[in-house]
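Asker: Model the following, please.
(one chain, ligands or ions: 1)
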Amino acid sequence: MKILLASSEAAPYIKTGGLGDVAAALPKALAESPNTEVAVFLPYYKAIKDNPEFELEYITNFNVPLSWRSVYAGLFRAVSKRKKLQYYFIDNEYYFYRDGCYGHYDDGERFAFFSKAILEALQHLNWYPDVIHANDWQTAMVPVFLRAHYMHLLSYQPIRTLFTIHNMEYQGRFPDSFVDEVLGLPEDWKGTMHFDTCTNLMKAAILVSDRVSTVSKTYAFEIQNPYFAHGLHDVLRQHSYKLCGVVNGIDTDVFNPATDPLLYANFDAETLEKKAENKKFLQERLGLAVREDVPMVIMITRLVGHKGVDLVQRVMDDLMWDDLQLVVIGTGEWQYEEMFRSYAGRFPAKMSANIVFDNTLAHQAYAGADLVLMPSKQEPCGLTQLIGMRYGTIPIVRETGGLFDTVPAYNIETGEGNGFTFKSYNAHDMLDAVRRGESLFHDKEHWVQLQKSVMAYDSSWKRSVQEYWDLYRSMME
Ligand code: GLC
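Answerer: Numbering: from 1, shown residues only. The predicted model follows:
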């Protein structure tokens, strides 16, 4: 089977969040199956072009019709011997030779161009996938353009489309004039594109794609309700017959405490005493009190409201009253950055605020910490809890989305479960879950049992890839 994965980011080329990890690991895992070809399409961003590590070869160029425009597109490919997994890059310096991936005034036009260029590229490569798997609003136009502009071409007719939602919050909303002015869609597409006073690319992709998926089963259910759907609950409910959830995995080669080159000391479930060396190293590196007997809680997250940082803020004084250490790594809203900095100033021995995006420090924190806190208001899947578990760091999570699916509540009687959980979006419920974690930390026998059991949790892509294959196949029937 031939799969085309369209994404606005994929590691190692470009990554700003979880989508970048998924769009790297999923195609890699898919390509391991026999009789498959996988092609990943990315924009040829400045950060990729300027990075000498990446060796790309020029393939061809063509013009992309975009409403009244006819826009140059260069097609490049990563030099690779693995024929089964190819990375293609769409070049246009006007659109993509800029700093950062997102946040430009013309993002809608940039990604509409990217989406159309992917479809145009197929005829130049003479390679037609069985399934196009598009991700989030940036590539939501691929299934739409396919239906609107390419169905008269025989080679495009059999192509099926899957649209995956990684986050409902970002839907690609633009003024209605966008349909004529940028997309150049026929008049009878206006109803499909329009939602609630504007053009909404995610809504259109939900309507026209053969299947819609999201990144956990619980989130697939949640987004049919107004609290989670950012307006699209009715649209999703109407299309629930083609909606499903497939939970993300992580790249277990990259996130492997036994081999991770970024760690101070490598370890596995049988050598947990080495995990303590990582804790000591981290405490020294961050200027915290060097103590083995204090539970260390980490938060590795964007510092924004929906990640639950407001809950933490509400009970910061209580947390600082406890005998624990809190390490925060991430950037985001100014008010939260300042809040953590100020607590770190007042409690230097127990609080460390690292207002940075630092991959090495993140790996060292996963390895050194005891608990990882994710009190998200919404979490489509979440990867941090999966990585934490792999490093024997116990998650504390709110029961939502992928957190609910991957971190069942720990039960001391049976030894089942993966972490400490709370249900309501409430700061004191969260505090209670943190305190349950702190207290189990001091019960060494049960603690080590739990560490070993979360380290054995299967967060690889194996199972999920099987679900994607079933999904792809079901679309072709
Ligand atoms: C988004 C979601 C996150 C998910 C990731 C990858 O970043 O917020 O929960 O893990 O996409 O699917």
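Asker: where does the residue in the chain that the ligand sits nearest to land on pLDDT?
Answerer: At 2.7 Å from the ligand, residue 18 is the closest residue in the chain, using CB to the nearest ligand atom. C-beta: built from backbone N, CA, C; applies to glycine. The model reports residue 18 with a pLDDT of 91.
Asker: Is the residue nearest to residue 70 when sequence neighbours are not counted in a helix, a strand, or coil?
Answerer: Among residues not flanking residue 70 along the chain, residue 63 sits closest, at 4.7 Å (CB to CB, 6 or more residues apart in numbering). With DSSP: H, G, I helix; E, B strand; the rest coil as the basis, residue 63 sits in strand.
Asker: ok, back up a step: so how many other residues sit close to the residue of the chain closest to the ligand?
Answerer: 21 (other CB atoms under 10 Å).
Asker: Distance-wise, check it relative to residue 166.
Answerer: Look at residue 18 and residue 166: by CB to CB, to the nearest Å, they are 7 Å apart.
Asker: hey, what's in contact with both of the two?
Answerer: Counting by CB atoms under 8 Å, 6 or more residues apart in numbering, the contacts common to residue 18 and residue 166 are residue 381.
Asker: Around the ligand, pick out the residues from the stretch 301-450 of the chain.
Answerer: Within the stretch 301-450 of the chain, the residues that sit near the ligand (CB under 6 Å from any ligand atom) are 379, 380, 381, 382, 383, 402.
Asker: dump the residue contacts of the fifth one.
Answerer: Going back to what we said before, that points to residue 383. Residue 383 touches 18, 21, 248, 250, counting by CB under 8 Å, 6+ apart.
Asker: So which of those residues are in helices?
Answerer: 18, 21 (DSSP state H).
Asker: By neighbour count, which of the contacts of residue 383 wins?
Answerer: Top of the contacts of residue 383 by neighbour count (other CB under 10 Å): residue 248, with 24 neighbours.
Asker: For it, give me its contacts.
Answerer: Residue 248 makes contact with 18, 21, 22, 26, 215, 216, 381, 383, 386, 402, 464, according to CB under 8 Å, 6+ apart.
Asker: Look at the fifth one and say how many residues are nearby.
Answerer: A total of 27 residues lie near residue 215 under the criterion other CB under 10 Å.
Asker: How about it, nearest residue that isn't a chain neighbour?
Answerer: Nearest one to residue 215, counting by CB to CB, 6+ apart, is residue 381 at 3.7 Å.
Asker: Give me the buried positions along the helix or strand in which residue 234 is found.
Answerer: Applying DSSP states H and E as the criterion places residue 234 in helix 233-238. For helix 233-238, the neighbour count (16 or more other CB atoms under 10 Å) marks 233, 235, 236 as buried.
Asker: Same list (those residues) but as JSON lines, adding pLDDT and distance to the ligand.
Answerer: Output for these, formatted as JSON lines (pLDDT from 0 to 100; distance: CB to the nearest ligand atom, whole Å):
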{"residue": "233", "pLDDT": "98", "distance to the ligand": "18"}
{"residue": "235", "pLDDT": "98", "distance to the ligand": "20"}
{"residue": "236", "pLDDT": "98", "distance to the ligand": "16"}
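Asker: Residues of the stretch 101-250 of the chain that sit close to the ligand?
Answerer: 166, 167, 215, 248.
Asker: mind redoing it with 8 Å?
Answerer: Within the stretch 101-250 of the chain, the residues that sit near the ligand (CB under 8 Å from any ligand atom) are 164, 166, 167, 215, 216, 219, 248.
Asker: Those residues in helices, which ones?
Answerer: Using DSSP H, those in helices are residue 219.
Asker: out of the residues of the stretch 101-250 of the chain next to the ligand, which one sits closest to residue 104?
Answerer: residue 167 (19.1 Å; CB to CB).
Asker: give me the element the nearest residue to the closest one once chain neighbours are set aside is part of.
Answerer: Once flanking residues are discounted, residue 167 sits nearest to residue 380: 5.5 Å by CB to CB, 6+ apart. For residue 380, there is no host helix or strand (DSSP H and E).
Asker: on that earlier part again, tabulate the contacts of residue 383 (CSV), appending distance to residue 356.
Answerer: As requested, the contacts of residue 383 are exported to CSV (distance: CB to CB, whole Å):
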residue, distance to residue 356
18, 18
21, 18
248, 24
250, 22
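Asker: Run the chain-centre distance for the helix or strand that the helix holding residue 234 is followed by.
Answerer: Moving toward the C-terminus from helix 233-238, the next helix or strand (DSSP H and E) is strand 243-245. Relative to its chain's centre, strand 243-245 lies at 16 Å (CA atoms, centre = their mean, to the nearest Å).
Asker: Now do strand 243-245, average pLDDT.
Answerer: On average, strand 243-245 scores 98.
Asker: And for it, what's in contact with it?
Answerer: Outside strand 243-245, the residues touching it (CB under 8 Å, 6+ apart) are 211-221, 224, 236, 471.
Asker: can you tell me which of these are in strands?
Answerer: 211, 212, 213, 214 (DSSP state E).
Asker: got TSV for those residues, with distance to residue 3, pLDDT and neighbour count too?
Answerer: As requested, those are exported to TSV (distance: CB to CB, whole Å; pLDDT from 0 to 100; neighbours: other CB atoms under 10 Å):
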residue	distance to residue 3	pLDDT	neighbour count
211	13	98	20
212	17	98	26
213	14	98	20
214	18	98	27
